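# Structure of the sequence below:
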Amino acid sequence: MICAYPQTWFFYGFAVLVELSIFWFLGHFLRKGLQNTQEAEQWRWSSEDSRSMWIDVAKTMITAAGIAAALLATLATHEANVQSQLVACSVKTATVSLVGCVCVSMFLILALARSHEAAKARYVSKRRKEGYMGEIKEGPLSKFALWVTVSGAFLALSSFFIGFLFLARVVWHL
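Next up is the predicted model:
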């Protein structure tokens with residue numbers, strides 16, 4: 001058995017719980033959207049409002065993670081603030097996770113925007129063949145596009161929450 005303080009077990013247990021919750025939440029969307037049923041198309045449906053909402057979430061994560069990473073980097077430059085190996089390791093983990101969140105969130109924004117445009121173009125083409133000439137602003141994502149965007153969202157959310165959990169750990173031990 002590994003000897004550790006109860007707070008350490010609690011911290012890592014909570015981190016695993018957070019990660020499993022994110023996996024379950026986004027995995028539900030992915031599982032429903034990848035099925036070969038008529039209902040699956042509804043789970044892949046992309047409208048301009050839903051795309052904008054998800055992009056706003058990614059922008060918020062970029063802003064929050066960027067500010068927190070900058071604060072952590074500032075904290076790490078002051079050697080007097082690093083009181084223990086645990087704090088130093090937590091600062092590094094939090095910083096790397098938050099920077100990873102920023103990078104993956106940028107990818108997610110591009111993937112969401114491009115996937116929506118491709119879905120809309122496919123749906124426009126389909127509806128034009130049916131004789132519809134009105135304006136179309138939505139359409140179903142391809143299974144691959146759904147997989148890419150949900151996977152990107154998982155990575156972004158995971159790194160965001162892990163970064164902030166380790167940031168809280170740093171504050172706890174200062």
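# which stretches of this protein form strands?
Along the chain, counting by DSSP state E, strands occupy 45-47, 138-140.
# among these, which is the most enclosed?
strand 138-140 (a mean of 20; mean count of other Cβ atoms under 10 Å). Quick note: C-beta positions are derived from backbone N, CA and C, even for glycine.
# picking up where we left off before, please produce CSV containing the strands of the chain, extended by mean pLDDT and distance to residue 129.
Output for those, formatted as CSV (pLDDT from 0 to 100; distance: least, Cβ to Cβ, whole Å):
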stretch, mean pLDDT, distance to residue 129
strand 45-47, 92, 19
strand 138-140, 93, 14
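# pretty sure residue 69 is touching residue 98, no?
Yes - counting by Cβ atoms under 8 Å, residue 98 is a contact partner of residue 69 at 4.0 Å.
# quick one, which of those two is more surrounded?
residue 98 (29 against 21; other Cβ atoms under 10 Å).
# where does that one land on pLDDT?
Note on residue 98: pLDDT of 93.
# ok, it to residue 70 distance?
With distances taken as Cβ to Cβ, to the nearest Å, residue 98 is found 9 Å from residue 70.
# just to revisit the earlier point, quick one: the strands of the chain as TSV, columns for distance to residue 20 too.
Converted to TSV, those look like this (distance: least, Cβ to Cβ, whole Å):
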stretch	distance to residue 20
strand 45-47	27
strand 138-140	29
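# looking at these, which is closest to residue 151?
Closest to residue 151 of these, according to Cβ to Cβ: strand 45-47, at 16.0 Å.
# name the helices or strands packed onto that closest one?
The helices and strands touching strand 45-47, judged by 3 or more Cβ pairs under 8 Å, 6 or more residues apart in numbering; DSSP states H and E, are helix 85-129, strand 138-140.
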